[in-house]
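*Asks:* Fold the following and give me the result.
(one chain, ligands or ions: 1)
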Amino acid sequence: MLSAVRTAFRRGRFYSTVPGPTAGFTEAVGNTPLIYLKHLSEKTGSSIYGKAEFQNPGGSVKDRAAVGVVRDAEDRGQLRPGGTVVEGTAGNTGIGLAHVCRARGYKCVIFMPNTQVRALLFLLVHLRPTHHAPVQSQEKIDLLRMLGAEVHAVPAVAYENPANYNHLARDHAKGLSNAIWTNQFDNTANAQAHYISTGPEIWEQTASSGLDAFICSTGTGGTLAGVGKYLKEKSGGKTQIWLADPPGSVLASYINSGGKLAERSGSSITEGIGQGRITDNLATIVKDLDGAFTVPDEKSIEMVYELLDTEGLYLGASSALNVAAAVELATRLGKGSKVATVLCDGAYRYQSRLFSKKWLETKGLQSAIPQHLKKYAVL
Ligand code: PMP
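*Replies:* Residues are numbered from 1 along each chain as shown. Model (predicted):
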C-alpha cells in the first residue's frame, strides 16, 4: 500500500493536473476548485458547495471581472498600450484591476468611498452622507497602494450626488487620453466574464451530481447575473437562482415586493456586497430570480468562525454570508438538495476586524459567536 502511494507521488498523481504554465496573470484567473463543504452538508442533510474564488491569483472573485472589463476595452480599441484604467471601487475590483494593470502595462487609478473622510468633510462642506457606506479595511487600502495603484479616498456620498466615487472616477477618466473608466456596476462585460467562465466551470464541476440551486450576494451583480444566466440556460430553467442580501441593502426587499425600490437604511459588517439600486449587471438576471432573502450579520460572523473550525476555510464575511444563505436555502429546499455558492475572498483582508474581540464588541457581535468558537478571536 505504502509503496503504491510512493509510486503515485513519484508519477505526480497527487500534484496538479493543470497542463502547463499559463501565458501570464490574466490567463491564470479562473478554473478554481468547487469545494464540497462536508461538515455543513452533513449537518443539513444536503450537498453544499463553495466555488473557491479566493484561489484566483489576485485573491478574489473580482479578478474575473477585472480581466473581463480590461479585455473587453482592449478588444474594442478603447485601451491601448500604456493607457490608464480608472475605477470607483471599495476594494477587490481595484485589487484585481491593479494586478491586471501591472501585468499588462497600464496605469491604475482607484477612487474609493471612505466614511472616515466623509465624516470629516461632512462637517466642513455639508455633503449629504449615506448611512450605509462602509469604512474600507486598512488591509485593502494598503494592498492597492503596494500594487502601484493611485488611490483617492473620497467622501462616501449617495450615488445621486455628483461627488459619489463612481462619478469622480468617470470624470477623471474623461480628462485623460487613452484611458477607460471600467464602470464595474453598469458595464456588462463584468457579468459576461462570469457567463463565460464561472458559470461553465460550476456547470461542469456539478455535471455528475446536478445542482438544484445557486445563491450568492451581490455588489455589482456581475457574479450572480453571469453565473445565474448560464446555469438557467444550461439546466433549461431547472436550477434555481437566488439572491442573498446583507442588512442595509435593498435588493431582497425589491425582489420580494415585486419591484419596489426602498430607501437604503442600516448597515452591515460585510464588505463589497449590498446595493441601493438595480445596476445594469443585476438587471440582466433580476426577472429570472427564484427568490431572495436577507442574512443578518450575526449569522454571517458565526459562519466566518464555523467555516474555519469545521471546514478549515479562512474566509471573508461575504463568503460566510453566502454559505449561511446556501445552508438556509438547502434547508428550505429539503434534504438531499444540492446548492452551490461563491467563496469570494479570504479573511486575510479583514482579519484585523473579524478576529478582534474589541471590534466584535463594538459591533455588538460578541454574543453571535458560540462559546466553543470564541477561541479564534485572538486579536
Ligand atoms: N464579495 C466581495 C468580498 C466583493 O468584494 C464583491 C464585489 N464587490 C462581491 C462579493 C460581490 O461580487 P459582484 O460585484 O460580482 O456582485
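*Asks:* For the chain, what lies in contact range of the ligand?
*Replies:* By the rule C-beta under 6 Å from any ligand atom, the part of the chain lying against the ligand is 60-62, 91-92, 218-223, 271-273, 316, 318, 344-345. In short, each C-beta sits where N, CA and C put it, glycine included.
*Asks:* Buried residues in the host helix or strand of Val323, which are they?
*Replies:* Using DSSP states H and E, Val323 sits within helix 317-333. Buried residues in helix 317-333, counted by 16 or more other C-beta atoms under 10 Å: 317-330, 333.
*Asks:* packing partners for the helix or strand following it?
*Replies:* Sequence-wise, the next helix or strand downstream of helix 317-333 (DSSP H and E) is strand 338-343. Applying 3 or more C-beta pairs under 8 Å, 6 or more residues apart in numbering; DSSP states H and E, we find strand 338-343 packed against strand 47-52, strand 213-216, helix 317-333.
*Asks:* If we go by neighbour counts, what in the helix or strand that the shortest one is followed by is buried?
*Replies:* Beyond strand 213-216 in the direction of the C-terminus, DSSP H and E gives the next helix or strand as helix 222-234. Within helix 222-234, the residues that qualify as buried are 222-232, 234, counting by 16+ other C-beta under 10 Å.
*Asks:* what distance separates helix 222-234 from the centre of its chain?
*Replies:* Here helix 222-234 is found 15 Å from its chain centre; the criterion is C-alpha atoms, centre = their mean, to the nearest Å.
*Asks:* tell me the strands in the stretch 101-250 of the chain, going along the chain?
*Replies:* Shown for the stretch 101-250 of the chain, the strands assigned by DSSP state E, counting those that start in this stretch span residues 107-114, 150-155, 179-181, 213-216, 240-245.
*Asks:* now, of those, which is deepest in the fold?
*Replies:* Greatest average neighbour count among the strands of the stretch 101-250 of the chain goes to strand 213-216 (a mean of 27), per mean count of other C-beta atoms under 10 Å.
*Asks:* List the contacts of that strand.
*Replies:* 202, 223-224, 227-228, 231, 239-244, 290, 322, 325-326, 329-330, 333, 337-342 (C-beta atoms under 8 Å, 6 or more residues apart in numbering).
*Asks:* go with 6 Å
*Replies:* Here strand 213-216 makes contact (C-beta atoms under 6 Å, 6 or more residues apart in numbering) with 223-224, 231, 240-242, 244, 322, 325-326, 329, 339-342.
*Asks:* ok, so of the buried residues of helix 317-333, who is nearest the ligand?
*Replies:* Ser318 (3.4 Å; C-beta to the nearest ligand atom).
*Asks:* for the nearest residue to Tyr49 once chain neighbours are set aside, what are its contacts?
*Replies:* Leaving aside its sequence neighbours, Tyr49 sits nearest to Ala340 (C-beta to C-beta, 6 or more residues apart in numbering; 4.2 Å). Neighbour list for Ala340: 49, 202, 211, 214 [criterion: C-beta under 6 Å, 6+ apart].
*Asks:* Return the nearest residue of the stretch 151-300 of the chain with respect to the ligand.
*Replies:* For the stretch 151-300 of the chain and the ligand, the shortest gap (C-beta to the nearest ligand atom) falls at Gly272, measuring 2.5 Å.
*Asks:* any idea how far Thr22 is from the nearest residue to Asp345 once chain neighbours are set aside?
*Replies:* The shortest distance from Asp345 to any non-neighbouring residue, by C-beta to C-beta, 6+ apart, is to Ser60 (3.8 Å). Separation of Ser60 from Thr22 (C-beta to C-beta, to the nearest Å): 18 Å.
*Asks:* So for the two, which residue has more residues nearby?
*Replies:* Ser60 (27 against 14; other C-beta atoms under 10 Å).
*Asks:* picking up where we left off before, can you redo the buried residues of helix 222-234 as TSV with pLDDT?
*Replies:* As requested, the buried residues of helix 222-234 are exported to TSV (pLDDT from 0 to 100):
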residue	pLDDT
Gly222	98
Thr223	98
Leu224	98
Ala225	98
Gly226	98
Val227	98
Gly228	98
Lys229	98
Tyr230	98
Leu231	98
Lys232	98
Lys234	97
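*Asks:* from the residues you listed, which is closest to Lys299?
*Replies:* Lys299 lies nearest to Leu224 out of the buried residues of helix 222-234, by C-beta to C-beta, at 19.2 Å.
*Asks:* related to what we said a few turns ago, list just the nearest of the contacts of strand 213-216 to Glu87.
*Replies:* The closest of the contacts of strand 213-216, once distances to Glu87 are taken by C-beta to C-beta, is Thr223, at 16.7 Å.
*Asks:* contacting residues for the closest residue to the closest one other than its chain neighbours?
*Replies:* In this structure, Thr223 finds its nearest non-sequential neighbour in His194, 5.3 Å apart by C-beta to C-beta, 6+ apart. By C-beta under 6 Å, 6+ apart, His194 lies in contact with 222-223, 226-227.
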